[in-house]
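**Student:** Here you go, sequence then predicted model.
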Amino acid sequence: MLSYKQNPDPSGLHSRRMNRKKDKGFEICINNINFQRKSVIGYVELTIFPTVMNLNRIKLNSKQCRIYRVRVNDLEAPFIYNDPTLEVCHHESKQRNLNYFSSAYTAAVSAVDPDAGNGELSIKVPSELWKQGDEMKVMKVYIEFSLDQPKGGLHFVVPDVDGSMAERAAHVFSFGNQNSTRFWFPCVDSYSELCTWKLEFTVDASMVAVSCGDLVETVYTHDMRKKTFHYMLPIPTAAPNISLAVGPFEILVDPYMHEVTHFCLPQLLPLLKQTMSYLHEIFEFYEEILTCRYPYSCFKTVFVDEAYVQVSSYASMSIFSTNLLHSGMIIDQTPVTRRCLAQALAQQFFGCFISRMSWSDEWVLKGISGYIYGLYLKKTFGVNEYRHWIKEELDKIVEYELKMGGVLLHPTFSGGKEKDNPTPHLHFSIRHPHTLSWEYYKMFQCKAHLVMRLIENRISMEFMLQVFNKLLSLASTASSQKYQSHMWSQMLVSTSGFLKSISNVSGKDIGPLIKQWVDQSGVVKFFGSFAFNRKRNVLELEIRQDYTSSGTQKYVGPIKVTVQELDGSFNHTLQIEENSLKHDIPCHSKSRRNKKKKIPLMNGEEVDMDLSAMDADSPLLWIRIDPDMSILRKVEFEQADFMWQYQLRFERDVVAQEEAISALEIFPTPASRLALTDILEQDQCFYKVRIQACFCLAKIANSMMSTWTGPPAMKSLFTRMFCCKSCPNIVKTNNFINFQSYFLQKTMPVAMALLRDVQNLCPKEVLNFILDLIKYNDNRKNKFSDNYYRAELIDALTNSLTPAISINNEVRTVDNLNTDVRLILEEITRFLNMEKLLPSYRNTITVSCLRAIRMLQKNGHIPSDPSLFKSYAQYGHFVDVRIAALEAVIDYTRGTHFVLTTNFLCLSFSMLGKLGPFSWSGIFFIFQLVCLLQRLGHNTISPNLMLIFSIYREVLHPSYVQKLFSFIIFIKERYSFTILTGKS
């Protein structure tokens, strides 16, 4: 039962000012959930306090719900339901192109935008109540509704096995992108409309209903066959932050925090206990840094199958994918799951408790939650992991913006239209979250938290956390004002309010920073080079910018340059002006000849260096531009190979080491080989740097194959670290107690398999070595699972494959395989068969085997046949297996020079019905089908594409047809497809 109070505007275009006095409540009651029919029946009751005269119409949001009756203060009220998004371009015969659709779809979304006072459901207030409305008296709106096989909002999981629904682990949960609550009950589906909630759900006695707020009571019916769960959420909350999960869940009360409860599907309780054993540490960390208690009185985590995304956060609860659960034996999944839990809890503070004023303010919430999540990474996984993550995120946003165009965090709109078209390079509108590209929104979130980090660099972490504490304190005070909803505006964050808080707390003006990175799109692209002036003892540094390419902008401001000299490391702050290119930096050291002296590093450490490789007249060891990543930029810097080698060996910052490794790929010299080998042997070096060094060393070894001496790269090192001393070809019994060694052990064979000899074949010695690793792998005494390690060994076999040599167009069969390939195929077949008897965690072995078989086909060793992959793509297999199988099915077309025809598309989309719930597999299948077309060389999609849409309408509810169009718009943007205009 939902209870909701809201004050609609009669014109439907009321402003979003929160200073209007209105008390709100929302009550929803779902009294029937039928898993067999996948249907829901219930009603909602909204309590409304009018704030305008002549209130004669009330507009609400509702999609795919069947409305039976509407009453206002016990009087029957006529209503009109109209969802313009269902009819986008359906009857348009002339303009059948994506640009026209994009504009039409944006207009349809705007027509039902709750932030503009619009909605799909328009209720006429009975004339008898007009006088009451003029007197600003309370109104209660009662709506009876039902859902039948919903295609969005609620997702039913009903396994096709014998037994009752509880025995089959049937369950249902809410999901959706952004404000999608309207898909499962009528509401004002806006993040800026807050209210208190009362929720009632009647389910079978064997089921558990989990929702937002406190569980007040559970009442059984007289026959004890059903029970009703009563929840109360007194904290004002927006409708998009309300959720529901119903199923035969097993329940675990957190042993460290009794107000936290965990729910999972039957027989998964042991995994749940292990997975959630450290959640209390995340709570403690956030409460400590924010100096504020968790805002809700309880917290619930629900793990469900076929989740749309890994993590969905709602008020006082989060819904997770069951695939995140793991036992104590699994190494690789543990940090991934811990990160997901940290993200979900960060969003409880900023995103659920504190909501946004408008869509343009979304970046603030995503930025703050991402920022404090990064602080948790730094504390839990260390500074190295944190800086590696920041570099990864920076590289992702830079790559996207340079390729696709800029990402605008705070778009401004005027007069109902996009002001001066702020994103003309995009083929979709950024005016609404439902018109955005999927990839664009991911990059939007990435850029938001990076900008928060830039603000921290400007005002300090201490002031940053004080700002967050102020926002939470004001929101907490406002939430306690139960009967003064005009105070609830403090629970909504806006860009202007956030910047005002920063100014009040820190006293600093960050206007230029906001204008550069929030109000504008694009990143900065630097090119750097230098020369040393020996006479003046000056470093002449040249920094150029490219601000004319797509996705770039001009940067004017300070930039930090770090110069490592013989006498120490020195920081210099240069001012990038409009036309300045060259900067003179005085050196603090003199060139040193034959003088033994330790070199001081940035961290205060002093080390001995072999200076024979450097220029005798120069005191410069290496140079770094913007080492703190305080600008959203890409830097291409030129310095000598020995300088990159020094930087790799002696710079302690992992970002500097990773930059050096990337740069050394174009310097295949013995010195580079030695530097990379030294890094691999350093146990104190960050393990991800060593992993990157493995692949760089493989590339260098291939470039040096004619001059390479000694055993294959990394083989002797692997033998020394992980093999028996008496028999180097036999690996030691697995012992993964040292996680850094574990990750290195499973990566080195994958990198070694990329080695090639002068005939462009994987060296026989390397292949036999990998086969021996598989043969002698022994995990009996290891406390951890080796499934990821074995999967990597299969990936190593895959990497060792090279194209087959065909003689006289010989038809390739299994019988005439060469010896090496036959051994590889036998191992893959054995692994695949064993996987059916003893499945590995997440079926990692099967995934690697499918990729290996496809690679055997692509290289011409075995006949190309997609039937195996089609069978593994069917609904019922684990999601990772289906993903790998679908990739192979699409990739199959390239090897057979298959032309993209209507028949193939029809065949592919006929598979969609067999892929199961649309909640994840439908979108994924489209992604695999269309995104991978580029690999086939099809950069043009013909008008036959319209036939796909016709087929898709038969498979999906009409309300999701526009999702496909928006998704294809994203594909056009992402992969530079040309969409031809045509009639269907």
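**Tutor:** Done, it's in. The structure displayed is predicted, hence computed values, not measured ones. Residues are numbered from 1 along each chain as shown.

**Student:** In three-state terms, how would the spatially most central residue of the chain be classified?
**Tutor:** If you average the C-alpha coordinates of the chain and look for the closest C-alpha using Cα atoms, centre = their mean, you land on K442, 6.1 Å from that point. Recorded secondary structure, K442: helix (DSSP: H, G, I helix; E, B strand; the rest coil).

**Student:** Quick check: it vs V309, distance?
**Tutor:** According to Cβ to Cβ, to the nearest Å, K442 and V309 sit 11 Å apart. The way it works is simple: take the backbone N, C-alpha and C, and place the C-beta from them, glycine included.

**Student:** Next: L801.
**Tutor:** Using Cβ to Cβ, which is the criterion applied here, L801 is 34 Å from V309.

**Student:** the more surrounded of the two?
**Tutor:** Neighbours per residue, other Cβ atoms under 10 Å: of L801 and V309, the larger number sits with L801, 21 against 14.

**Student:** Correct me if wrong: the more buried one contacts I853.
**Tutor:** No - counting by Cβ atoms under 8 Å, I853 is not a contact partner of L801; they are 10.7 Å apart.

**Student:** What helices and strands are in contact with whichever strand or helix holds N32?
**Tutor:** Assigned by DSSP states H and E, N32 belongs to strand 25-34. Contact partners of strand 25-34 among helices and strands, from 3 or more Cβ pairs under 8 Å, 6 or more residues apart in numbering; DSSP states H and E: strand 2-4, strand 39-48, strand 194-204.

**Student:** Does anything pack onto the second one? Which helices or strands?
**Tutor:** Okay, so that is strand 39-48. With 3+ Cβ pairs under 8 Å, 6+ apart as the test, strand 39-48 has strand 2-4, strand 25-34, strand 139-148 packed against it.

**Student:** In JSON lines, list the ones you listed along with distance to Q545, mean pLDDT and mean neighbour count.
**Tutor:** JSON lines is the format used below for the helices and strands packed on strand 39-48 (distance: least, Cβ to Cβ, whole Å; pLDDT from 0 to 100; neighbours: other Cβ atoms under 10 Å):
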{"stretch": "strand 2-4", "distance to Q545": "52", "mean pLDDT": "38", "mean neighbour count": "27"}
{"stretch": "strand 25-34", "distance to Q545": "52", "mean pLDDT": "92", "mean neighbour count": "22"}
{"stretch": "strand 139-148", "distance to Q545": "55", "mean pLDDT": "94", "mean neighbour count": "20"}
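
**Student:** okay if I get these as JSON lines plus distance to A448?
**Tutor:** JSON lines is the format used below for these (distance: least, Cβ to Cβ, whole Å):
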{"stretch": "strand 2-4", "distance to A448": "30"}
{"stretch": "strand 25-34", "distance to A448": "29"}
{"stretch": "strand 139-148", "distance to A448": "34"}
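
**Student:** Look through this protein and tell me its longest strand.
**Tutor:** strand 226-238 (DSSP state E).

**Student:** mind exporting whichever helix or strand comes after that one as PDB, just the C-alpha atoms?
**Tutor:** Heading C-terminal from strand 226-238, the first helix or strand you meet, by DSSP H and E, is strand 244-247. Below are the C-alpha coordinates for strand 244-247, written out as PDB (Å, rounded to 0.1, in the frame of the first residue of the first chain):
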ATOM      1  CA  LEU A 244      10.000  -4.100  -3.800                       C
ATOM      2  CA  ALA A 245      11.400  -7.700  -3.800                       C
ATOM      3  CA  VAL A 246       9.200 -10.700  -3.100                       C
ATOM      4  CA  GLY A 247      10.400 -14.300  -2.900                       C
END
